[in-house]
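Participant: how would this look folded up:
(chains A and B)
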Amino acid sequence: MLKFLTRRLLTMIPVLWVTVTLTFFLVRLAPGGPFTEEKQYPQQAIDQLNQHYGLDAPIHLQYARYIGRLLRGDLGPSLKYQNRSVNEIISETFPVSLELGIWALLVALLLGLPAGIMASLRPNSVLDYAPMSLAMIGICIPSFVLGPLLVLALALGLGWFNASGWNMASDRILPAITLGSAYAAYIARLTRAGMLDVLPQDFIRTARAKGLRESRVIGRHALKPGIFPVISFLGPAVAGLITGSFVVETIFHIPGLGKMFVMGAFNRDYTLVLGLVVFYSALVILFNTVVDVVLAALNPRLRGAS
Amino acid sequence: MSGHKQGSPWAQMWQRLRRNHMAVAGLITLTLLILTALLAPVLTPYSYEEQNLALGATPPSMEHLLGTDDLGRDLLTRMLYGGRVSLAVGLCATLVSLLIGVTYGAVSGYAGGRTDNVMMRLVDILYALPFTVFVIILMVVFGRNFMLLFVAIGAVEWLTMARIVRGQVLAVKQQPFIKAASVLGFSHTRIIARHIIPNVVGPVIVYTTLTIPRVMLLESFLSFLGLGIQPPMSSWGLLIRDGAKMLETYPWMLIFPGLVLSITLFALNFLGDGLRDALDPRASHR
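Facilitator: Predicted structure coming up:
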């Protein structure tokens, strides 16, 4: 197990390195720099700013410096938000995205799992078709359509919620549904497929033959292997959920990571974009590793294999 | 491979597909959408970019079936022309991903051994990269170039295709007719192109059908963030972006483009699922 973990964590290094390097040179390929838009700055001031942030050095030197700082966990100063470091910006905006992500994950699991289980128990009946059609709708309505539609109907129409913002507890509901519904749909489909693979198997028949209650057969025996596909899906999904959604945060004006990233890219805020990309990739890899560990723990047959 | 003879695998697949009503409905919907997009100049008397500020935004009426936007442009017209862009980007970007993915997967699977190992490790690493992020950076950096848009999207979406094709090739490679072709002295290129790729075409078609909606979604997502298609051109993503901004006052500007995008994604997904079931009856639980 330890060997498996170490190997997984070691593969993080090349991935992160490729990501950092690609992003580093991509953002610098752009014509213009972070200070060119502010036309009121005289050239001298721009030169000074570039010098201050070390942007006048040859690019390989800048790269070496950045990697050096990164190894010490320092993501550098933001170029647009003066006097604030990227680390500070992440520690301020990440909790917001994290909270939104957790709510959305709850929505996804609470809707997706029961729907999938229900569909798998009575395949090809109304109980199957109804939730699966809903799931298809959930997949086919993109969040940037669903979000504004929810705002239109529930906030502007019925006046139940605020149209945007992140202040009251009720401000969490619409963004969480917008972000979580597509995930709920995928979870429902994966749960159904996983359960349908498990239910005809011999050990389920054995469990029934032992005279166990149906709820116990489903809940204890079938569910565990049945939701393996869901668990695999959850790794990247959770990472995506908690690192913020560009779209949902833009629609609802939520001060999270996703919005920061889009702003950073538009502003040519090199260090902010790089820092967010590094943070995001590290989280994705971390969650995928966690999922592999969980899967290995649940399924003894996987433990020996890599 | 030849044609639609009775009882050939292709004819059987078509038979099974025809029995799947949702897939057939998807196919018909798509055909209609593509036709209306192609015939846009014939179907509508209005221009997609000519503004009529005196008219402004009007709700659906007899003259403007789906209403007009805040600049007085006919919404239906903009949706028809936007459909051209959205569908074209979807098809072209998918083609790019198809080309890269099939070639890469076929070479990797055919070569086998160490080459295969290295090539697939590379795919593993690429999988872990935050590609959406790269596409956003690319679009910001290089301006919103139309060609770049679908090359970038296509370059993102080829990875799964490469894996699928590799798996199929590994299976096909073991079969006697490939050994025979090899013994006959055919070149590797010829064996890959003429003997292997035709035999992995089924899963490729299915996955392609499922890639198109993902690509279209990515395009409209970028347009929604203001990074894709630029006005006065129109695409469904761009129209949704405009509609979301005018939500409070002119809701029809959001509802109709949102509807047409969702319907297209529906049609493609049902067709893809139907093709998968028709191709591999065992995979179907229905």
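Participant: which outside residues touch stretch B:213-224?
Facilitator: Contact with stretch B:213-224 is made by A:140, A:142, A:144, A:247, B:86-87, B:89-90, B:93-94, B:97, B:132, B:135-136, B:139, B:149-150, B:153-154, B:156-157, B:228-229, B:235-238, B:240-241, B:244, B:261, B:264-265, B:268-269, B:272, as judged by Cβ atoms under 8 Å, 6 or more residues apart in numbering or on different chains. Where you see a C-beta, it was placed from the backbone N, CA and C, and this is true even at glycine.
Participant: Just the buried residues of those residues.
Facilitator: A:140, A:142, A:144, A:247, B:86-87, B:89-90, B:93-94, B:97, B:132, B:135-136, B:139, B:149-150, B:153-154, B:156-157, B:228-229, B:235-238, B:240-241, B:244, B:261, B:264-265, B:268-269, B:272 (16 or more other Cβ atoms under 10 Å in any protein chain shown).
Participant: So which of the residues you listed sit within helices?
Facilitator: If you go by DSSP state H, those have A:140, A:144, A:247, B:86-87, B:89-90, B:93-94, B:97, B:132, B:135-136, B:139, B:149-150, B:153-154, B:156-157, B:236-238, B:240-241, B:244, B:261, B:264-265, B:268-269, B:272 in helices.
Participant: And the helices in the stretch 101-250 of chain A?
Facilitator: Applying DSSP state H, counting those that start in this stretch to the stretch 101-250 of chain A gives helices spanning A:126-140, A:143-150, A:173-198, A:202-209, A:214-216, A:223-226, A:228-242, A:246-251.
Participant: Those into TSV, with extra columns for distance to chain B?
Facilitator: Formatted as TSV, the helices of the stretch 101-250 of chain A follow (distance: least, Cβ to the nearest Cβ, whole Å):
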stretch	distance to chain B
helix A:126-140	4
helix A:143-150	4
helix A:173-198	5
helix A:202-209	16
helix A:214-216	20
helix A:223-226	14
helix A:228-242	9
helix A:246-251	6
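Participant: wait, which of these is closest to B:Leu122?
Facilitator: Closest to B:Leu122 of these, according to Cβ to Cβ: helix A:228-242, at 18.9 Å.
Participant: Quick one: list the elements packing against that closest one.
Facilitator: Secondary-structure packing of helix A:228-242 (3 or more Cβ pairs under 8 Å, 6 or more residues apart in numbering or on different chains; DSSP states H and E): helix A:86-121, helix A:173-198, helix A:270-298.
Participant: List the buried residues of the longest one.
Facilitator: Spelled out, it's helix A:86-121. Buried, per 16+ other Cβ under 10 Å, within helix A:86-121: A:86-87, A:89-90, A:93-94, A:96-101, A:103-105, A:107-109, A:111-113, A:115-121.
Participant: Is any residue of it near chain B?
Facilitator: No: judged by Cβ under 8 Å from any Cβ of the partner chain, helix A:86-121 stays clear of chain B, getting no closer than 9.0 Å.
Participant: Against which helices or strands is that helix packed?
Facilitator: So helix A:86-121, by 3+ Cβ pairs under 8 Å, 6+ apart, packs with helix A:126-140, helix A:173-198, helix A:223-226, helix A:228-242, helix A:246-251, helix A:257-267, helix A:270-298.
Participant: between the lowest-mean-pLDDT helix or strand in chain B and helix A:257-267, how many degrees?
Facilitator: Taking mean pLDDT, DSSP states H and E as the measure, the helix or strand of chain B with the lowest value is helix B:131-141, at a mean of 75. Interaxial angle of helix B:131-141 relative to helix A:257-267 (axes from the mean of the first three to the mean of the last three Cα atoms, to 10 degrees): 30 degrees.
Participant: Report whether helix B:131-141 contacts chain A.
Facilitator: Yes: Helix B:131-141 is in contact with chain A by Cβ under 8 Å from any Cβ, via B:Val133, B:Phe134, B:Ile136, B:Ile137, B:Leu138, B:Val140, B:Val141.
Participant: count of neighbours near the first one?
Facilitator: Other residues within reach of B:Val133, judged by other Cβ atoms under 10 Å in any protein chain shown, total 21.
Participant: Pretty sure it sits against A:Val278.
Facilitator: No: using Cβ atoms under 8 Å, B:Val133 makes no contact with A:Val278, being 10.7 Å away.
Participant: what touches both of these two?
Facilitator: Shared contacts of B:Val133 and A:Val278, counting by Cβ under 8 Å, 6+ apart, come down to A:Thr23.
Participant: Let's have the helices and strands packed on helix A:86-121 in JSON lines, adding mean pLDDT.
Facilitator: Shown next, in JSON lines, are these (pLDDT from 0 to 100):
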{"stretch": "helix A:126-140", "mean pLDDT": "84"}
{"stretch": "helix A:173-198", "mean pLDDT": "88"}
{"stretch": "helix A:223-226", "mean pLDDT": "82"}
{"stretch": "helix A:228-242", "mean pLDDT": "79"}
{"stretch": "helix A:246-251", "mean pLDDT": "84"}
{"stretch": "helix A:257-267", "mean pLDDT": "81"}
{"stretch": "helix A:270-298", "mean pLDDT": "80"}
